[in-house]
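*Asks:* Predicted model and sequence below, questions to follow.
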Number of protein chains: 2
Amino acid sequence: MPDTDLPTDLNTEYIRQLSIDCVVFGYRDGKLYVLVPELIFRGDFYGLPGGFIRQTESIDAAARRILEGRTGITNIYLEQFRVFGGTDRNNRSALERLVELNADADGSVRWMRDNLHWLVDRFVSIGYYALVDMRVVKPSKTDVDATVDWYPVDNLPKMIMDHREIVGEGLLSLRRVLDEKLIAFNLLPEKFTMKELRLLYEAVYDRPFPRNNFQKKILDLGVLERLEKKYTGASNRAPYLYRFRRERGSEPSAPLS
Amino acid sequence: MPDTDLPTDLNTEYIRQLSIDCVVFGYRDGKLYVLVPELIFRGDFYGLPGGFIRQTESIDAAARRILEGRTGITNIYLEQFRVFGGTDRNNRSALERLVELNADADGSVRWMRDNLHWLVDRFVSIGYYALVDMRVVKPSKTDVDATVDWYPVDNLPKMIMDHREIVGEGLLSLRRVLDEKLIAFNLLPEKFTMKELRLLYEAVYDRPFPRNNFQKKILDLGVLERLEKKYTGASNRAPYLYRFRRERGSEPSAPLS
């Protein structure tokens, strides 16, 4: 059950003007998705799962707590990718609209009204992305969310503030590191066929990868381990299964070596 | 002349608990260097050029102002690479030692003493790296720095807090993006030979790159423009000069395309 307790004293418990926003990428059937909760309040408030950093926790621990609190997701691949620090980054218009449209609500809306001076300040936000296998990870919604759904990365709802831009930057960062940090396996089941891996690359980079060339280049990286064939009935055409050698770790390889 | 004005009111002018630290990489004659100022005060205080973020400036603008203020360097390639956010990140021991060892000094030491409660708090720090051609960029020291010198990346002085770790993470990030973001030219003169480029790669990755293989792979990237030969006297052996096609921009290429 996600923890949705609202802090009683933002001023002493949390770092001011610093937030975390999480882009949770999921993959299924050749398509890349992003997890976007919608708040229960009137006004269509969609946004990334985000929150603040406690004085007593590291930023990484805060990101995990926030993600778990808003989506119920635990123990997944999570990495910071960029800081968003423009002077105009604040939730003032969205929060004032929310409080106005939902003046009759109590609980969390009253909490927002009481803490509005703190919440509408300028915030520098640290962007994290997470990678999950959608067939395994099932997000659960909290009592402040009406829905917590997967949206195709090319068909997101209108989101508050600069959250669409944060998703876009997260995707650029993912493209930059998919090979060298060997994190694609986080989006796949442990064993997969070459075709399944190629379809994942096509979804992330949003363009086709020629079959033979893809297979040669990815095998040349030396990061895949070939396993048994995947028997599906027509055994003479059964494709091999592969898995990533995880022990290669996160040390970046020298691209021109 | 760098701007070293100390703020009169940290509380209202700056974001609390958030700082910026800059790793300035320089390159010369096959070796990679980092710029490390040493404070004028007694006690051997070496650290990265760093500072805080004004309420009225973006984090990128803050990084440029801080870098200019502490080193006199303007108009160079500068990019955020990672946030350092452990709970134990504070300058308490270094600052208390500095104030104690330099109790007789006035000016900036008095300012530190007056603002100690603000300065010794936990800080989350955004790491930026800069790339400069050491033959062109000449850092200038401010009145709080005894020296501002280049140190080989593998032979840095003892630095305050986690600044050595920040340098190490900056170098890992530089290795990750040297090709795909096409930023190596920032460390080189506009025109260079294949050998000069290879020596730069060897300095950044700290290992040899076989000559023929390097040339083939980097030409295959299609990012270099071949220019005239570099005549040095023995004209029959003159190597070609190259330059980067800058218009390729920062869009990451798909590594397995």
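*Replies:* That came through, no problem. Numbers count the residues shown, from 1 in each chain, chains lettered A, B, ... in the order given.

*Asks:* Tell me where the stretch 101-250 of chain A has helices.
*Replies:* Under the criterion DSSP state H, counting those that start in this stretch, the stretch 101-250 of chain A carries helices at the ranges A:108-114, A:116-119, A:163-177, A:194-205, A:211-220.

*Asks:* now those as TSV including distance to A:Gln17, mean pLDDT and mean neighbour count?
*Replies:* Backbone N, C-alpha and C define where each C-beta goes, glycine included. Shown next, in TSV, are the helices of the stretch 101-250 of chain A (distance: least, Cβ to Cβ, whole Å; pLDDT from 0 to 100; neighbours: other Cβ atoms under 10 Å in any protein chain shown):
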stretch	distance to A:Gln17	mean pLDDT	mean neighbour count
helix A:108-114	17	90	17
helix A:116-119	9	93	15
helix A:163-177	17	93	19
helix A:194-205	33	92	19
helix A:211-220	43	91	13
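
*Asks:* Verify the stated contact: A:Ile15 with A:Thr56.
*Replies:* No. Using Cβ atoms under 8 Å, A:Ile15 is not in contact with A:Thr56, being 10.5 Å away.

*Asks:* quick revisit: for A:Thr142, which of the helices of the stretch 101-250 of chain A is the nearest?
*Replies:* helix A:108-114 (9.9 Å; Cβ to Cβ).

*Asks:* which residues touch the closest one?
*Replies:* Applying Cβ atoms under 8 Å, 6 or more residues apart in numbering or on different chains, the contact partners of helix A:108-114 are A:Leu6, A:Phe41, A:Leu95, A:Leu98, A:Val99, A:Asn102, A:Ala103, A:Leu119, A:Val144.

*Asks:* Name the nearest of these relative to chain B.
*Replies:* A:Leu119 (15.5 Å; Cβ to the nearest Cβ).

*Asks:* which one is the closest one nearest to, not counting chain neighbours?
*Replies:* A:Leu95 (5.8 Å; Cβ to Cβ, 6 or more residues apart in numbering or on different chains).

*Asks:* Against which helices or strands is the helix or strand hosting that neighbour packed?
*Replies:* Assessed by DSSP states H and E, A:Leu95 sits inside helix A:92-101. When contacts are defined as 3 or more Cβ pairs under 8 Å, 6 or more residues apart in numbering or on different chains; DSSP states H and E, helix A:92-101 packs onto helix A:108-114, helix A:116-119.

*Asks:* residues near A:Asp88, how many?
*Replies:* The local packing of A:Asp88 (other Cβ atoms under 10 Å in any protein chain shown) involves 9 other residues.

*Asks:* just A:Arg28 next, same as before
*Replies:* 13.

*Asks:* Any idea how many residues pack against A:Lys229?
*Replies:* Applying other Cβ under 10 Å, I find that A:Lys229 has 13 neighbouring residues.

*Asks:* Just give the number of residues close to the residue nearest to it when sequence neighbours are not counted.
*Replies:* Leaving aside its chain neighbours, A:Lys229 sits nearest to A:Ala238 (4.2 Å; criterion: Cβ to Cβ, 6+ apart). Other residues within reach of A:Ala238, judged by other Cβ under 10 Å, total 14.

*Asks:* Touching, A:Ala238 and A:Lys195? I think so.
*Replies:* No. A:Ala238 is beyond contact range of A:Lys195, at 12.0 Å (criterion: Cβ under 8 Å).

*Asks:* And the contacts of helix A:108-114, which is the shakiest by pLDDT?
*Replies:* Lowest pLDDT within the contacts of helix A:108-114 is found at A:Leu6 (76).

*Asks:* Spit out the contact partners of that residue.
*Replies:* A:Ser108, A:Trp111.

*Asks:* what secondary structure does it sit in?
*Replies:* On the three-state scheme (DSSP: H, G, I helix; E, B strand; the rest coil), A:Leu6 is labelled coil.

*Asks:* Against A:Gly51, how distant is it?
*Replies:* According to Cβ to Cβ, to the nearest Å, A:Leu6 and A:Gly51 sit 11 Å apart.

*Asks:* do A:Glu96 as well
*Replies:* Distance check for A:Glu96 against A:Gly51: by Cβ to Cβ, it reads 20 Å.

*Asks:* Of the two, which one has the most company?
*Replies:* The neighbour count for A:Glu96 versus A:Gly51, taken as other Cβ under 10 Å, is higher for A:Gly51 (18 against 14).

*Asks:* Touching, that one and A:Ser19? I think so.
*Replies:* Yes. With contacts counted by Cβ under 8 Å, A:Gly51 reaches A:Ser19, the gap being 6.7 Å.

*Asks:* hang on, the earlier thing: could you flag which of the contacts of helix A:108-114 are buried?
*Replies:* Taking 16 or more other Cβ atoms under 10 Å in any protein chain shown as the criterion, what is buried in the contacts of helix A:108-114 is A:Phe41, A:Leu95, A:Leu98, A:Val99, A:Asn102, A:Leu119, A:Val144.

*Asks:* Let's see the pLDDT reported for A:Glu247.
*Replies:* pLDDT, read off for A:Glu247, is 55.

*Asks:* cool, and the one 3 residues further on?
*Replies:* For A:Ser250, the pLDDT comes out at 43.

*Asks:* do the strand of greatest length in chain A and chain B meet?
*Replies:* Counting residues, the longest strand found in chain A (DSSP state E) is strand A:14-28. Yes. Strand A:14-28 reaches chain B (Cβ under 8 Å from any Cβ of the partner chain) through A:Ile15, A:Arg16, A:Gln17, A:Leu18.

*Asks:* Can you name the element that comes right after that strand?
*Replies:* strand A:31-39.

*Asks:* What is that following strand packed up against?
*Replies:* Using 3+ Cβ pairs under 8 Å, 6+ apart, strand A:31-39 is in contact with strand A:14-28, helix A:59-71, strand A:145-152, helix A:194-205.

*Asks:* Please state the mean pLDDT value computed over the longest one.
*Replies:* Summarised as a single mean, pLDDT over strand A:14-28 is 96.

*Asks:* which helices and strands does that strand pack with?
*Replies:* Against strand A:14-28 (3+ Cβ pairs under 8 Å, 6+ apart) you get strand A:31-39, strand A:50-54, helix A:59-71, strand A:124-133, helix A:163-177, strand B:14-28.

*Asks:* Quickly run through the sheet partners of that strand, with directions.
*Replies:* Each strand paired with strand A:14-28, and its direction, by DSSP bridges: strand A:31-39 (antiparallel), strand A:50-54 (antiparallel), strand A:124-133 (parallel).

*Asks:* Would you format these as a markdown table with distance to A:Asp149 and mean pLDDT included?
*Replies:* Below are those laid out as a markdown table (distance: least, Cβ to Cβ, whole Å; pLDDT from 0 to 100):
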| stretch | distance to A:Asp149 | mean pLDDT |
| --- | --- | --- |
| strand A:31-39 | 7 | 94 |
| strand A:50-54 | 17 | 96 |
| strand A:124-133 | 14 | 94 |
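
*Asks:* Tell me which of those lies nearest to B:Pro189.
*Replies:* strand A:124-133 (35.2 Å).

*Asks:* what angle do the closest one and strand A:145-152 make?
*Replies:* Angle, strand A:124-133 to strand A:145-152, by axes from the mean of the first three to the mean of the last three Cα atoms, to 10 degrees: 70 degrees.
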